[in-house]
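Participant: Okay, here's the prediction I keep looking at, along with the sequence it came from:
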Number of protein chains: 2
Amino acid sequence: MVRLVSVCASLSEDELALLESLATPTHFASGDTLFSQGSEAHCVYNVTGGVIRLYKLLSDGRRQVVGFALPGDFLGLAMRDAYGFSADAIGDVAVCAFSRGAYTALVDAKPHLLKRLHAFATHELTLAHEQMMLLGRRTAEEKLICFLLGMQQRWARLGKPSVTVPLPMTRQDIADFLGLTIETVSRTFTRLSKDKTILIVPGGVRVMNPERMSAVAA
Amino acid sequence: MVRLVSVCASLSEDELALLESLATPTHFASGDTLFSQGSEAHCVYNVTGGVIRLYKLLSDGRRQVVGFALPGDFLGLAMRDAYGFSADAIGDVAVCAFSRGAYTALVDAKPHLLKRLHAFATHELTLAHEQMMLLGRRTAEEKLICFLLGMQQRWARLGKPSVTVPLPMTRQDIADFLGLTIETVSRTFTRLSKDKTILIVPGGVRVMNPERMSAVAA
DNA sequence: CCGCGGATTTGATCCAGATCAATGCGGCGA
DNA sequence: TCGCCGCATTGATCTGGATCAAATCCGCGG
């Protein structure tokens, strides 16, 4: 099994073995739904490969993407009866699934693990606060630049540092993450590209002027 | 000492006594800053009275209020070196302060408590996702109505159920929480008031048409 | 009771981003 | 190879909420 990155660094060998015995490796094809907002929360997931779109819907169809899960991320930590958002695969995805029962038992038995999960949750909360700042107070150009730098950093932390940022999600996904329309996202990409701030490449973007981008994100 | 509501329900008598021995009751006057974004995180706080504004600033002065802390809420849980946002008192505030050392020692010693804190953090994260939906995809009127209903529910859960929602924060605070300007907040209040959806009273708002409000928030 | 200063409301105008409407561009199956 | 079909880009126009600009309101100290 792919190592459960990011949560397990503090575990001993036998604890890791226990964890692996409880994990069910599963994979999903592009567009598959892992779970839906409001449905009963059977499982907790650790992403081992691919990218997942996490989103909430309003009854009239308006959508807010609340995040993109990358390898190493945990989903369904809320420990409540129903999922608070929906999740579906962007491209092929591999995860380790844990039943809720196994998850809660494990957490009760291993305070180390709970501490790691809690650190993970508080980090997520910090990111959520950043995203509120972005959604409430930033312009379209700032939103897109912050998004690109954020994705670049996340890939870098996963050992894929590169000036080329992979963007496997659609423009609509990006728009729904940033609180914009698809047209505004497209126009803003075009403008940044004409600026020579970025270069648009198939499946992503190459960062050409990181200084300017960092200055805007400041 | 005021009972540490919401985190301590699961603790035994001696655990509670231990907790109280570590807490330093403190109070702040209106406008006082409990801590600032980026400053070293010395303390964790449990609010026992009053309301606190939590916010982030951009270098050019744009502000995003990321939440309002009410009695029972915890601040500074992130367990990292620096605070991720600033906090200041709206009216007089009472808190129990815990030094970071005492807090981490306590958490290490009492897995019960950690579980409660983790549940608290995941609840906060769920609220943060709701707020992203609100900031990214809702109209000004929807934002204000969701805000009023949310505050009403929070006061109700604290044992103050009422059709009159106290709003001790300024219009500017509300605007910065909802990603609007003060003028838009004011105009929207006026419009809802003319609608007979709400009645504006000193220090707050009386909910006159909860059905319509719930329908909009849906 | 009066005057001052901050908060709030109201009005007029502007504009960033939404909406409406084509058009372009791959990738893929027949 | 061709023709679709779903994404993406581009253009024209519209509009919700921002910005600019005065009034009001109100709590408080003298």
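Facilitator: It's in.
Participant: drop to CA atoms for contacts and neighbour counts, all remaining ones
Facilitator: Fine.
Participant: show me the contacts for residue A:199.
Facilitator: By Cα atoms under 8 Å, 6 or more residues apart in numbering or on different chains, the residues touching residue A:199 are A:193, A:205-208.
Participant: that's a helix at it, yeah?
Facilitator: No - according to DSSP: H, G, I helix; E, B strand; the rest coil, residue A:199 belongs to no helix; its state is strand.
Participant: In strands only, show me the contacts of residue A:199.
Facilitator: Counting by DSSP state E, the part of these found in strands is A:205-207.
Participant: And for residue A:203, the neighbour number?
Facilitator: Using other Cα atoms under 10 Å in any protein chain shown, residue A:203 is surrounded by 12 other residues.
Participant: nope, residue A:158 is what I was after
Facilitator: 13.
Participant: And residue A:174, by the same measure?
Facilitator: 22.
Participant: Am I right that it sits in a helix?
Facilitator: Yes - Residue A:174 sits within a helix when classified using three-state DSSP.
Participant: That one: what's it in contact with?
Facilitator: Applying Cα under 8 Å, 6+ apart to residue A:174 gives the contacts A:65, A:182, A:185.
Participant: Just the closest of the residues you listed to DNA strand D, please.
Facilitator: residue A:182 (5.8 Å; Cα to the nearest atom of the strand).
Participant: and that closest one, what pLDDT?
Facilitator: For residue A:182, the pLDDT comes out at 98.
Participant: Could you double-check that it lies in contact with residue A:175?
Facilitator: Yes - the pair residue A:182 and residue A:175 passes the contact test of Cα atoms under 8 Å, sitting 5.3 Å apart.
Participant: neighbour-wise, which of the two wins?
Facilitator: residue A:175 (23 against 16).
Participant: Now for that one: which residues touch it?
Facilitator: Residue A:175 touches A:181-182, A:184-185, counting by Cα under 8 Å, 6+ apart.
Participant: cool, residue A:44 as well?
Facilitator: Shown in contact with residue A:44 (Cα under 8 Å, 6+ apart): A:74-77, A:97-100, A:103.
Participant: Out of those, the closest to DNA strand C would be?
Facilitator: The closest of the contacts of residue A:44, once distances to DNA strand C are taken by Cα to the nearest atom of the strand, is residue A:75, at 27.9 Å.
Participant: With adjacent residues omitted, what lies nearest to that closest one?
Facilitator: Nearest residue to residue A:75, sequence neighbours excluded (Cα to Cα, 6 or more residues apart in numbering or on different chains): residue A:45, at 5.1 Å.
Participant: Validate this expectation: the one you found resides in a helix.
Facilitator: No - Residue A:45 is assigned strand when assessed by three-state DSSP, not a helix.
Participant: Please tell me the pLDDT value assigned to the residue nearest to residue A:166 when sequence neighbours are not counted.
Facilitator: Counting by Cα to Cα, 6+ apart, residue A:166 lies nearest to residue A:204, which is 4.4 Å off, once chain neighbours are set aside. Per-residue confidence (pLDDT) for residue A:204: 96.
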